[in-house]
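Trainee: okay, sequence plus prediction incoming.
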Amino acid sequence: MSFETISATGMDARKKNMLKLKISLALLDELGRRPTEQEVERYSLVARVLYKAVLGTHFERRLQKKNGQIPLF
C-alpha cells in the first residue's frame, strides 16, 4: 500500500481495529495493566501520523529524484 492510497482513501475500519489491538497489547505488556480507551486512541493516532509522515517524505524524495530535482531533505 502506498502513501497515495492511504492519504486518498484513509485506513479502513479493519486496519484501524488491528492497529488498536496491536497497540493495546503492546501497552499491556509495557504497563502491566489494561490500557484505557483514551490511551489506545492517543497512541493509535500518533502511530498513524508518524506512519504518514515517514512514508510521505519517502515518496516525496522518490518523486523528486524521478523528476530530476535536487532532494531538499
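Mentor: Received the coordinates, thanks. These numbers come from a predicted model, not from an experiment.
Trainee: would you mark the buried spots in the helix ranked longest in the chain?
Mentor: Determined from DSSP state H, the single longest helix within the chain is helix 37-66. Going by neighbour count (16 or more other C-beta atoms under 10 Å), the buried part of helix 37-66 is 40, 43-44, 48, 55. No exception for glycine: its C-beta is placed from N, CA and C like everyone else's.
Trainee: which of those sits closest to residue 64?
Mentor: Nearest to residue 64 among the buried residues of helix 37-66: residue 55, at 14.9 Å, using C-beta to C-beta.
Trainee: and that closest one, how far is that from residue 37?
Mentor: Taking C-beta to C-beta, to the nearest Å as the measure, residue 55 falls 27 Å from residue 37.
Trainee: where in the chain is pLDDT low?
Mentor: For the chain, residues meeting the criterion pLDDT under 70 lie at 1-10, 71-73.
Trainee: on the three-state scheme, the residue of it lying at maximal distance from its centre is what?
Mentor: Relative to the centre of the chain, the most outlying C-alpha is that of residue 68, 28.3 Å out, by C-alpha atoms, centre = their mean. What DSSP: H, G, I helix; E, B strand; the rest coil gives for residue 68 is coil.
Trainee: now it: phi and psi?
Mentor: Backbone torsions for residue 68, taken as degrees, to the nearest 10, come to phi 80, psi 10.
Trainee: and it, how far is that from residue 59?
Mentor: For residue 68, the distance to residue 59 - C-beta to C-beta - is 16 Å.
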